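J.: following is a predicted model, sequence given first.
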Amino acid sequence: MSVRIRLSRGGSKKRPFYRVVAADQRAPRDGRFIERLGSYNPMLPQGHAERFVINEERVKYWLSNGAEPTERLQKMLSSLGLIAAPAMREQPKKSALKTKALERIREKEEKAKAAAEAAAAEAAAAAPAEEASAE
């Protein structure tokens with residue numbers, strides 16, 4: 001059984017509230033969990049004391065037993081000094097993704113155009129041969 005430390009969503013529509021829980025990784029996000037470790041209320045301002053409340057002893061216990069925090073919780077726990085800061089993933093900019101998509105579309109169009117030209121050239125080459133055989 002692999003244990004994860006993750007956020008479990010609560011609250012109402014457009015008013016999120018999260019519980020920090022230790023749960024089996026196969027359990028649903030808002031479903032069964034092993035232990036509640038704290039809470040996170042993103043609706044409170046940044047410096048508010050109750051924005052991110054956590055039981056540090058229990059988090060240390062679960063981390064020492066091999067529980068893996070999610071990426072979001074890695075950032076939060078590293079800000080408290082409980083774990084080392086996670087390595088940031090390199091994410092491509094949206095403009096680069098659009099450029100790559102446009103390049104793929106252009107390549108497909110060029111291949112289709114080249115195939116059409118080749119078919120037309122074949123048909124043109126076959127037409128004189130048919131005329132010669134008809135005579």
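T.: Perfect, thanks for sending it.

J.: report how many residues lie close to the residue lying closest to Arg51 once chain neighbours are set aside.
T.: With sequence-adjacent residues excluded and distances taken as Cβ to Cβ, 6 or more residues apart in numbering, Arg51 is closest to Leu44, at 4.3 Å. Any C-beta I mention is one placed from the backbone N, CA and C, and that applies to glycine too. By the criterion of other Cβ atoms under 10 Å, Leu44 has 13 neighbours.

J.: could you do the one 3 residues further on as well?
T.: Residues within reach of Gly47, counting by other Cβ under 10 Å, total 6.

J.: does it sit in a helix, a strand or a coil?
T.: Following DSSP: H, G, I helix; E, B strand; the rest coil, Gly47 is assigned to coil.

J.: can you read off the pLDDT for it?
T.: Model confidence at Gly47, given as pLDDT, is 86.

J.: could you confirm the residue nearest to Arg51 falls within a strand?
T.: No. Per three-state DSSP, Leu44 lies outside any strand segment and is coil.

J.: who's in contact with the nearest residue to Leu77 once chain neighbours are set aside?
T.: Nearest non-adjacent residue to Leu77, counting by Cβ to Cβ, 6+ apart: Ile83, 4.9 Å away. The contact partners of Ile83, by Cβ atoms under 8 Å, 6 or more residues apart in numbering, come to 63, 69, 74, 77.

J.: among those residues, which lie within strands?
T.: Among these, the members falling in strands (DSSP state E) are Pro69.

J.: Throw the contacts of Ile83 into a markdown table and include neighbour count, thanks.
T.: As requested, the contacts of Ile83 are exported to a markdown table (neighbours: other Cβ atoms under 10 Å):
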| residue | neighbour count |
| --- | --- |
| Leu63 | 17 |
| Pro69 | 23 |
| Gln74 | 18 |
| Leu77 | 23 |
